[in-house]
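Participant: One predicted model, sequence on top.
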Amino acid sequence: MFITHSISEAIFLSDCIVIMSSRPGAVADIVDVELPPPPRNFNMVGTPAFGAAMAQVRKALDDVGMVD
């Protein structure tokens with residue numbers, strides 16, 4: 001398990017991302033990262049798959065009221 005507040009770091013390092021709600025902390029959503037398994041290279045950051053994962057995580061965070 002790795003905890004981060006950085007969406008791009010979570011996508012780059014993970015196979016799945018668990019979105020937590022605020023108080024009380026509970027699992028709000030789980031996002032599967034559809035990229036080749038780690039280790040990944042930085043060229044993946046500009047790919048459509050990375051962008052799609054970013055959009056999916058942002059939507060999940062928005063759904064639980066965590067995006068500013």
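Facilitator: Done, it's in. Numbering: from 1, shown residues only.

Participant: Tell me who's in contact with residue 14.
Facilitator: For residue 14, the contacting residues are 2, 33, 38, by C-beta atoms under 8 Å, 6 or more residues apart in numbering. Where C-beta positions appear, they are placed from N, C-alpha and C, glycine not excepted.

Participant: The second one touches residue 18, doesn't it?
Facilitator: Okay, so that is residue 33. No: contact criterion C-beta atoms under 8 Å: residue 33 and residue 18 do not qualify, at 11.5 Å.

Participant: who's more crowded, those two?
Facilitator: residue 33 (22 against 14; other C-beta atoms under 10 Å).

Participant: Quick check: that one vs residue 58, distance?
Facilitator: 14 Å (C-beta to C-beta, to the nearest Å).

Participant: Same check on residue 66?
Facilitator: As judged by C-beta to C-beta, residue 66 and residue 58 stand 10 Å apart.

Participant: who does the helix ranked longest in the chain touch, helix- and strand-wise?
Facilitator: If you go by DSSP state H, the chain has its longest helix at helix 48-63. Secondary-structure packing of helix 48-63 (3 or more C-beta pairs under 8 Å, 6 or more residues apart in numbering; DSSP states H and E): helix 7-13, strand 16-20, strand 27-32.

Participant: In the contacts of residue 14, which has the lowest confidence score?
Facilitator: Lowest pLDDT of those: residue 38, 76.

Participant: wait, what's in contact with it?
Facilitator: 13, 14, 15.
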